[in-house]
Every structure is written in C-alpha cells, then in structure tokens.
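Participant: Okay, structure incoming, though there's no sequence with it:
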C-alpha cells in the first residue's frame with residue numbers, strides 16, 4: 001500500500017520531471033523551422049549545421065566549467081539558471097531579424113541543456129521516495145528524451161496550423177518556462193550542504209586506466225548515436241522539403257520527434273536486456289538505423305526516413321544508457337562524475353563535428369551525397385565498436401544489478 005509520504009514524493013518527482021520536459025523542449029524547438037529561416041535570411045546548409053552545432057558547444061562548455069554546479073549551489077538554483085537561459089534563448093528567437101540572433105539563441109539553449117542534463121536528472125531521483133531509484137531513473141530518462149522529442153513536434157504543429165510560425169512556438173515556450181519556474185519554486189531543495197557559486201570548479205575530463213577498455217567502444221557508440229540525432233535535428237528538415245517534397249512542418253517535426261521517442265523506448269529496454277547485452281545490441285540496431293538512412297538518401301523514400309528515425313533512435317537509446325552504466329560501473333567512485341562528464345563531452349562532440357562536416361560537404365557534393373558520406377563513416381565507427389564489444393564484452397553496471405534484483 002502506498003503511503004501519503006510516498007504519494008507526495010512521487011508527485012514531486014513527476015513535477016520535477018515536467019520541469020525537465022519544459023527545459024529540454026526548448027533545445028529542439030527550432031528544428032522544423034530551419035527551412036523557414038533559410039528562406040527568411042538566405043543562408044546555406046553549412047550555416048544551418050553551424051547554427052545547430054553552436055548549441056553543442058554551449059552544452060560542452062557548461063559540462064566542463066560547471067558540471068558540478070547543482071551539487072555545490074543546489075538543484076533549484078541551478079535549474080532556475082537553466083530556465084533563465086531557456087527564456088533568454090526564446091527571447092533571442094522572438095527578436096531574430098538576422099543570423100546573429102540565431103547563434104545567440106542556440107548558444108543560450110546549449111547553456112540551458114548543459115545545466116539541465118545532470119541537475120534535473122539528479123533532482124528527479126532525489127525527490128523520489130526511498131526505494132524508488134529505478135523508477136525515478138525511468139522518469140528522468142523519459143523526461144529528457146521526451147522533452148527533446150516534444151520540441152520539434154510542438155514547433156511543427158504550431159508552424160503548420162497557427163499564425164506567425166517563427167514567433168508563436170517561442171512565445172509558447174516562454175510561457176511554459178515561466179510556469180515551470182513557478183512549479184520549481186514550490187518544490188523543496190534536496191542538497192543539504194550548499195556552498196556559494198564561487199565554489200563551483202571546472203570539471204577536467206578524466207579517464208583512469210581501468211576505464212579505458214570499456215570507455216573506447218562506449219564512447220564510439222555514444223558518438224555515433226548523438227551524431228545521428230545531430231543530422232536528424234539539423235539537416236533532415238531541408239532533405240524532407242527539398243527531395244521528398246514534404247512541406248508540412250508538422251510532419252517534419254513528427255519525423256524528428258520519433259527518433260527521440262524511440263530513444264526513450266530503447267533506454268527503457270536496457271533494464272530488461274541488461275547492460276552487457278544492450279551495448280553491442282545497441283550498436284547493431286544503430287547500424288541498421290544508419291543503413292536505413294543511407295537507403296533513404298539514395299532512394300528518396302519517406303518510409304525509409306521514418307524507419308531510420310525509429311530504428312536509429314532505439315539503437316541510440318540502448319547503446320547510450322548501456323554505455324553510461326558500463327562506464328560508471330568501471331570508474332572508481334571518486335572519479336565517477338569526471339568520467340561520466342567525459343563521456344557526455346564525447347557524445348556532444350558527436351552532435352556537432354560530424355554535423356558541420358555534412359554542412360561543409362553539402363556545397364561541393366550536394367546534401368544527399370554529403371549525407372551518404374556521413375552514414376558511411378558512422379557505419380564504420382559503430383561496426384568497429386560492435387566488433388570490439390563482441391570480442392571483449394563489458395561487465396554490467398548499476399542498471400544490470402537492478403535488472404537482476
């Protein structure tokens with residue numbers, strides 16, 4: 001029987017999850033709108049990918065400089081700063097009359113995501129009742145990837161069926177951000193011994209010797225999975241509009257959202273499959289998703305784009321949650337946070353560098369051929385990781401233990 005305290009704890013946990021959703025929604029909100037910005041400001045595919053990648057640079061910067069902020073100053077202040085950056089990003093897009101505003105908006109959005117990724121996950125788990133850690137992890141996972149999926153879906157629907165497609169999505173998100181801040185202020189702080197902001201220290205990437213055998217394939221799989229997301233959220237709207245003649249922004253937003261929703265399903269499956277099997281299986285599913293993407297680029301078939309989003313997203317979810325658990329399990333307790341931060345830095349590098357590469361190649365080769373070069377390189381990387389894992393399987397991490405208990 002669930003007690004009053006448990007019900008209150010789960011309510012707080014879910015409310016924190018809702019705040020998490022709002023924070024992450026803003027980071028993918030511009031995705032289906034990039035073709036409209038291209039028409040408005042007249043920039044190239046390379047510029048689209050750079051605008052997108054600026055977000056990843058913002059995330060990496062925050063992870064390195066303030067990765068432990070919520071442990072130091074508290075969960076609520078950190079998340080309030082994250083919501084503040086999200087609101088500032090929305091204001092930049094509302095004011096956008098040239099490319100500079102888009103760069104500023106994406107950078108601020110990256111700052112918001114960098115603060116939210118760790119702090120909101122920890123906060124959701126802190127607020128769960130005793131013994132609810134596993135369920136709270138699922139809440140945090142669903143909120144993170146679900147929020148990322150809601151961004152393009154919300155923007156696509158508003159852009160297609162409501163007025164002012166370049167203004168209304170950001171106005172709605174600004175209102176949601178204010179409401180999320182109100183909810184957050186009513187939730188309790190969970191860090192008991194808080195220190196001033198000056199106590200926050202940069203997080204140096206760390207890779208102890210015993211972690212390296214696990215880290216290399218885990219990092220490769222994470223890099224490829226995030227690179228796939230990067231391509232879907234930056235250049236896929238242009239591909240859908242130009243080559244598949246999909247002019248409905250809601251459809252474009254839905255296709256991108258499917259990748260994130262499938263990732264949530266993949267992450268949830270790790271608890272049943274187990275970490276040791278999920279990492280190579282995730283690589284195999286990622287390989288299949290990339291192959292479907294290559295087929296879509298070669299044949300201009302919408303069904304293959306949809307399938308690549310679903311299959312690739314599921315593979316990313318399986319591989320990334322398993323990678324995170326395996327790396328955390330192999331790391332010494334006193335270096336665990338730094339090792340996890342290093343994995344996130346590699347993952348977010350995957351969201352930026354390959355995407356810029358696609359932008360650079362799209363001018364001389366065309367968008368389709370540039371995409372095929374991207375998928376070829378990513379297929380080689382994820383196949384290498386999968387073969388390595390088959391030869392040297394990783395040991396299960398924390399999730400493996402929960403699955404067996």
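Facilitator: Received, thanks. For clarity, every value in this text was computed on a predicted model and none was experimentally measured.

Participant: the helices in the stretch 151-300 of the chain, which residues?
Facilitator: Secondary structure of the stretch 151-300 of the chain (DSSP state H, counting those that start in this stretch): helices located at 168-185, 212-234, 236-243, 249-273, 275-299.

Participant: now, of these, which is deepest in the fold?
Facilitator: Highest mean neighbour count among those (mean count of other C-beta atoms under 10 Å): helix 212-234, with a mean of 25. In this view, the C-beta of every residue, glycine as well, is placed from N, C-alpha and C.

Participant: Quick one: list the elements packing against that one.
Facilitator: Counting contacts by 3 or more C-beta pairs under 8 Å, 6 or more residues apart in numbering; DSSP states H and E, helix 212-234 packs against helix 45-66, helix 249-273, helix 275-299, helix 302-330, helix 336-365, helix 367-391.

Participant: where does the stretch 201-350 of the chain have low pLDDT?
Facilitator: Along the stretch 201-350 of the chain, segments meeting pLDDT under 70 span 333-335, 337.

Participant: Out of the helices of the stretch 151-300 of the chain, the one nearest residue 340 is which?
Facilitator: helix 212-234 (10.6 Å; C-beta to C-beta).

Participant: gap between the closest one and the chain center?
Facilitator: Chain-centre distance of helix 212-234: 11 Å, with C-alpha atoms, centre = their mean, to the nearest Å.

Participant: Let me know the angle separating that helix from helix 249-273.
Facilitator: Counting by axes from the mean of the first three to the mean of the last three C-alpha atoms, to 10 degrees, helix 212-234 lies at 160 degrees to helix 249-273.

Participant: how near is residue 26 to residue 17?
Facilitator: Distance, residue 26 to residue 17, using C-beta to C-beta, to the nearest Å: 16 Å.

Participant: same question, residue 201
Facilitator: From residue 201 to residue 17 the distance is 29 Å (C-beta to C-beta).

Participant: what do you get for residue 265?
Facilitator: Per C-beta to C-beta, residue 265 is found 17 Å from residue 17.

Participant: Same question for residue 235.
Facilitator: For residue 235 relative to residue 17 (C-beta to C-beta), the value is 31 Å.

Participant: Next: residue 278.
Facilitator: Taking C-beta to C-beta, one finds residue 278 at 23 Å from residue 17.

Participant: try residue 177
Facilitator: Applying C-beta to C-beta to residue 177 and residue 17 gives a distance of 16 Å.

Participant: now do residue 109
Facilitator: As judged by C-beta to C-beta, residue 109 and residue 17 stand 20 Å apart.

Participant: which one of those two has more residues nearby?
Facilitator: residue 109 (29 against 24; other C-beta atoms under 10 Å).

Participant: Please verify my assumption that that one contacts residue 87.
Facilitator: No. In this structure, residue 109 is not within contact of residue 87 by C-beta atoms under 8 Å, at 10.6 Å.

Participant: could you point out which element follows the helix or strand where residue 87 lies?
Facilitator: Using DSSP states H and E, residue 87 sits in helix 75-95. Going down the chain from helix 75-95, the next helix or strand is helix 99-127, by DSSP H and E.

Participant: Just the buried residues of that following helix, please?
Facilitator: 101-127 (16 or more other C-beta atoms under 10 Å).

Participant: and the angle from that helix to helix 168-185?
Facilitator: 30 degrees.
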